[in-house]
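S.K.: following is a predicted model, sequence given first.
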Amino acid sequence: MITKRTLVSLWVLIVFNVCHMLAQNITNDKQPLISVLEIIQKRYDVRFSYADITIANKSSVVPDINLELSEVLKALEASSQLEFKVLNSRFIVIQPAKYTFKDIQELGEVQLSDYLTSGISKTKAGAIAIRTKKFGILPGLIEPDILQTVQALPGVLSTDETVSNLNVRGGTHDQNLILWDGIKMYQSGHFFGLISSFTPNLTRKVMVSKNGTSAQYGDAVSSTIAMELDSELNSEASGGLGLNLINFSGFGKVPINNKLEMQVSARRSITDVFETSTYSNYFDRVFQDTDITNSDNLIKNDAFFFYDINSKLIYKPSKKDQFSLSATTTYNSLSYIESPPETIANVSNGIEQKNQAVGITYHRDWNSKFTTDLQAYVTHYKLDARNFRFENSQQLQQQNQVLETNFKLNTTYYAHPNLIWVNGLQVFEIGISNKEETTTPAYRSLIKKVAVSTSGYSEAIWNSTSNETFIKAGIRANHYSLSNHIYFEPRLSFSQRFLKYFKVELLGEYKSQITSQVIDRQNDFLGIEKRRWVLANNSTIPTLESKQVSLGLQYKRNQLLVSAELYQKQVDGITTRSQGMQNQYQFINAIGSYKVQGLDVLIHKRITNLSMWLSYSLSANNYTFPTLNNGNPFPNTTDITNALTFANTYTVDQLKLALGLNWRTGNITTAPITGNEIFDNSINYQEPNGDHLDDYFRADFSAIYNFKFTETTKADIGVSIWNIFNTKNNLNTYYSIEPDDSILKIEKKSLGTTPNVSFKLTF
């Protein structure tokens with residue numbers, strides 16, 4: 001329970017820091033280019049050579065101090081329309097530009113500025129770009145865990161603190177499209193959700209789109225999270241090793257010759273070798289209220305471990321052609337022996353989860369104006385569990401599998417220095433099977449469905465010469481074999497700068513999706529990973545359809561960013577089985593929709609080495625099921641009315657510090673009617689989803705110190721503390737009927753104070 005004193009203290013701290021941010025006046029206006037060049041020469045110890053007439057009447061803002069020299073030069077080229085040619089490590093020649101269309105457009109779409117911390121920026125298309133190599137630090141994280149980092153963005157949270165349940169503007173996790181180097185992934189977390197299954201070692205950039213998604217992407221009605229691996233050949237070999245209290249990792253990038261390079265990254269848990277306090281906290285958090293903790297029998301020899309392996313082979317036979325082969329596998333395994341008291345019987349139970357994928361991509365630059373990308377991949381997801389129930393001597397086996405084969409052709413035409421035209425075709429076949437088999441009585445069920453999706457899309461991207469106006473408009477058409485219906489999906493992203501420091505942004509999109517996750521019973525798959533993938537069948541499971549629009553306003557000056565975005569989103573075709581309800585509708589299969597309206601606000605201020613931000617989300621998220629609650633709307637299971645994050649990061653020399661506070665409205669719950677809890681042998685509930693649990697509050701801290709380990713090796717030492725004050729946040733409350741007809745109240749708690757320590761070498 002958060003006390004009034006805590007809330008008052010938090011509010012005073014926030015008001016003080018916001019006022020302090022607004023009071024600062026550090027100039028970030030455009031300056032004469034010659035003045036900017038003098039600053040850069042001192043900062044990077046370089047010298048510029050140019051004719052006076054070349055830079056006459058040219059101006060630019062001073063680039064961010066956290067950028068590398070190469071990024072600074074690209075930013076200056078985009079703003080000044082001059083060419084910066086690097087002669088060696090010290091001398092740079094400035095001359096009139098001879099851009100290709102591709103160079104201008106790629107630079108025009110990205111804003112090279114910190115959004116929260118270094119390495120996170122916002123594009124003109126409204127997406128968020130996370131560059132792992134430039135990533136600074138976030139509270140509670142000692143390395144850039146990709147899906148934990150995404151949760152720092154306004155409008156993105158997880159109601160149960162896991163990366164396998166990302167709720168983006170009220171959506172469920174299965175409504176997010178997660179791509180690893182262009183390949184769709186159906187598993188996103190290790191430790192059954194507490195750790196991202198995507199290592200940042202090979203990931204170059206992550207693009208997160210909450211709205212205005214590119215027409216290139218489909219089959220997801222909520223957000224798109226696209227991870228891009230390094231696609232450029234490196235001149236020198238590099239690598240690294242890392243260890244923390246959960247896992248050991250390593251990676252390497254090895255050029256075989258000037259045309260071929262191999263990249264490999266691997267990570268494995270150390271939890272089955274020795275237990276740490278971090279592991280113990282994770283174990284208690286993940287397996288509470290599951291078969292492994294609810295059993296009255298003796299549990300012994302429990303073993304849990306996970307690993308992931310990622311690799312990429314890059315082959316560039318010519319300047320115009322490039323081939324790449326990407327492969328990944330992620331794996332989680334839990335096994336334990338269960339034995340009733342006073343018996344010698346032993347039964348081995350457990351659960352395994354894995355996602356394997358391989359893809360090949362061919363890129364060709366036909367000329368300076370036209371490029372093509374051809375990709376084919378196969379991704380396979382499997383969830384398998386076995387459980388013996390002593391009370392009825394029944395062996396239960398459950399399995400959920402997804403196999404997707406995908407083919408995609410994308411063309412890019414640089415029609416004009418300010419205009420790009422993108423077209424493409426995508427075809428995928430997806431098969432999903434669900435198997436359940438029991439003994440005593442003997443029962444076997446296997447449900448398998450296959451669907452083919454054919455999509456075409458076209459998109460135009462226009463960026464004004466002044467960089468004041470940006471438009472990305474496109475349309476995607478999807479044909480699904482199961483419904484034999486074509487879904488047209490217009491997409492729009494528009495931004496306009498005005499009055500020098502302001503920008504207005506309009507985003508909109510239509511989307512559809514034929515895959516989703518449902519829960520048959522809360523104790524499926526040992527109660528640990530109870531959601532299973534299914535395909536739309538146009539009867540009990542419809543095709544999901546969404547539409548969303550948002551309007552944003554941004555003010556940016558003097559390293560102060562203030563942005564606000566209003567949005568409305570509606571998703572049709574959801575089922576109660578996909579929403580994880582644990583109330584009067586838990587065993588009812590109804591079809592309906594949800595509508596969410598909200599406001600996302602961000603205030604970010606940088607003062608030399610100090611970065612501060614305050615993000616706030618206000619939303620109202622409601623279901624409408626025509627056959628439930630008399631057709632009246634009622635709150636969504638993921639409805640979080642208020643969510644606020646306040647954080648500070650400070651960098652001094654080789655030390656990075658971060659401290660953050662997270663507060664939000666408690667999760668949705670449904671309580672029984674007091675004094676009349678049971679009616680007709682069932683729990684007599686109050687209004688569905690009519691109450692919120694106590695408010696959620698968490699404070700986190702991180703520190704990273706980097707130094708030279710040897711002349712050629714760098715080292716990082718990191719320390720983090722999750723939930724500093726050990727706040728006992730209640731994530732879920734639900735009820736069951738006991739054999740004596742009493743009501744049992746079950747509460748699922750959040751992760752308590754959890755420290756972590758890491759050591760990393762890069763060479």
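M.R.: It's in.
S.K.: can you show me the CA trace of stretch 273-292 as PDB?
M.R.: C-alpha atoms of stretch 273-292 as PDB (Å, rounded to 0.1, in the frame of the first residue of the first chain):
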ATOM      1  CA  VAL A 273      24.900 -24.700 -12.000                       C
ATOM      2  CA  PHE A 274      24.400 -22.600  -8.900                       C
ATOM      3  CA  GLU A 275      21.600 -20.500  -7.400                       C
ATOM      4  CA  THR A 276      21.900 -16.800  -6.700                       C
ATOM      5  CA  SER A 277      19.500 -14.500  -4.800                       C
ATOM      6  CA  THR A 278      18.500 -13.000  -8.100                       C
ATOM      7  CA  TYR A 279      17.500 -16.500  -9.400                       C
ATOM      8  CA  SER A 280      15.600 -17.300  -6.200                       C
ATOM      9  CA  ASN A 281      13.600 -14.100  -6.500                       C
ATOM     10  CA  TYR A 282      12.800 -14.800 -10.200                       C
ATOM     11  CA  PHE A 283      11.900 -18.400  -9.400                       C
ATOM     12  CA  ASP A 284       9.500 -17.300  -6.700                       C
ATOM     13  CA  ARG A 285       7.900 -14.700  -8.900                       C
ATOM     14  CA  VAL A 286       7.400 -16.900 -12.000                       C
ATOM     15  CA  PHE A 287       6.200 -20.100 -10.300                       C
ATOM     16  CA  GLN A 288       3.900 -18.700  -7.700                       C
ATOM     17  CA  ASP A 289       0.400 -20.100  -8.000                       C
ATOM     18  CA  THR A 290       1.400 -22.800 -10.500                       C
ATOM     19  CA  ASP A 291       1.400 -26.600 -10.300                       C
ATOM     20  CA  ILE A 292       5.000 -26.600  -9.000                       C
END
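S.K.: and the pLDDT for residue 105?
M.R.: The confidence metric pLDDT takes the value 47 at residue 105.
S.K.: just the helices in the chain please.
M.R.: Here the chain has its helices, by DSSP state H, at 4-23, 33-44, 52-55, 69-80, 101-109, 146-150, 277-287, 291-294.
S.K.: worst mean pLDDT among the ones you listed?
M.R.: Across those, the lowest-scoring stretch is helix 4-23, with a mean of 42.
S.K.: so who does the residue nearest to residue 688 when sequence neighbours are not counted touch?
M.R.: In this structure, residue 688 finds its nearest non-sequential neighbour in residue 634, 4.9 Å apart by C-beta to C-beta, 6 or more residues apart in numbering. The C-beta positions use only the backbone N, C-alpha and C, and glycine is treated the same way. For residue 634, the contact set (C-beta atoms under 8 Å, 6 or more residues apart in numbering) comprises 622, 623, 628, 687, 688, 689, 690.
S.K.: who's the nearest residue to the fourth one once chain neighbours are set aside bridged to?
M.R.: Same thing as residue 687. Spatial nearest neighbour of residue 687, chain neighbours left out: residue 634 (6.9 Å); criterion: C-beta to C-beta, 6+ apart. Taking DSSP bridges as the rule, residue 634 bridges to residue 623.
S.K.: contacts only, for residue 639.
M.R.: 170, 619, 620, 621, 622, 668, 689.
S.K.: what's across from the closest residue to residue 155 other than its chain neighbours in the sheet?
M.R.: For residue 155, ignoring the flanking residues on the chain, the nearest one in space by C-beta to C-beta, 6+ apart is residue 600 at 4.6 Å. Beta bridges link residue 600 to residue 565, residue 617 when assigned by DSSP bridges.
S.K.: same check, this time on the one 5 residues further on
M.R.: Using DSSP bridges, the bridge partners assigned to residue 605 are residue 560, residue 612.
S.K.: my guess is it meets residue 646, correct?
M.R.: No: using C-beta atoms under 8 Å, residue 605 is not in contact with residue 646, being 11.9 Å away.
S.K.: shared neighbours of these two, anything?
M.R.: Residues touching both residue 605 and residue 646 by C-beta under 8 Å, 6+ apart: 612, 613.
S.K.: so who does residue 227 touch?
M.R.: Under the criterion of C-beta under 8 Å, 6+ apart, the neighbours of residue 227 are 146, 178, 179, 180, 181, 198, 203, 205, 206.
S.K.: again, only using 10 Å
M.R.: Residue 227 sits next to 130, 132, 146-147, 178-183, 185, 198, 200, 202-208 when contact means C-beta atoms under 10 Å, 6 or more residues apart in numbering.
S.K.: cool, and residue 230?
M.R.: 132-133, 181, 201-205, 253, 261, 263, 312, 314, 324.
S.K.: now the residues you listed: which count as buried?
M.R.: With burial judged by 16 or more other C-beta atoms under 10 Å, the buried subset of these is 132, 181, 201, 202, 203, 205, 253, 261, 263, 312, 314, 324.
S.K.: quick one: mean pLDDT for stretch 387-401?
M.R.: For stretch 387-401, mean pLDDT rounds to 86.
S.K.: show me what counts as buried in that stretch.
M.R.: Buried, per 16+ other C-beta under 10 Å, within stretch 387-401: 387, 388, 389, 396, 398, 399, 400, 401.
S.K.: what about that stretch, start to end distance?
M.R.: For stretch 387-401, the first-to-last residue distance is 18 Å (C-alpha to C-alpha, to the nearest Å).
S.K.: the residue nearest to residue 657 when sequence neighbours are not counted bridge partners, please.
M.R.: Once flanking residues are discounted, residue 657 sits nearest to residue 650: 4.7 Å by C-beta to C-beta, 6+ apart. Beta-bridge pairing of residue 650 under DSSP bridges involves residue 610, residue 657.
S.K.: ok, residue 650 - how many residues close by?
M.R.: When neighbours are defined as other C-beta atoms under 10 Å, residue 650 has 17 of them.
S.K.: the longest strand in the protein is where?
M.R.: Longest strand in the chain by number of residues (criterion: DSSP state E): strand 394-416.
S.K.: about what we covered before: got a PyMOL select line for the buried ones in the contacts of residue 634?
M.R.: Buried residues within the contacts of residue 634, by 16+ other C-beta under 10 Å, are selected in PyMOL with:
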select buried, resi 622+623+628+688+689
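S.K.: can you add distance to residue 525 and pLDDT and give the contacts of residue 634 back as JSON lines?
M.R.: Below are the contacts of residue 634 laid out as JSON lines (distance: C-beta to C-beta, whole Å; pLDDT from 0 to 100):
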{"residue": "622", "distance to residue 525": "30", "pLDDT": "97"}
{"residue": "623", "distance to residue 525": "25", "pLDDT": "97"}
{"residue": "628", "distance to residue 525": "26", "pLDDT": "96"}
{"residue": "687", "distance to residue 525": "31", "pLDDT": "95"}
{"residue": "688", "distance to residue 525": "26", "pLDDT": "96"}
{"residue": "689", "distance to residue 525": "25", "pLDDT": "96"}
{"residue": "690", "distance to residue 525": "29", "pLDDT": "94"}
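S.K.: cool, thanks, signing off.
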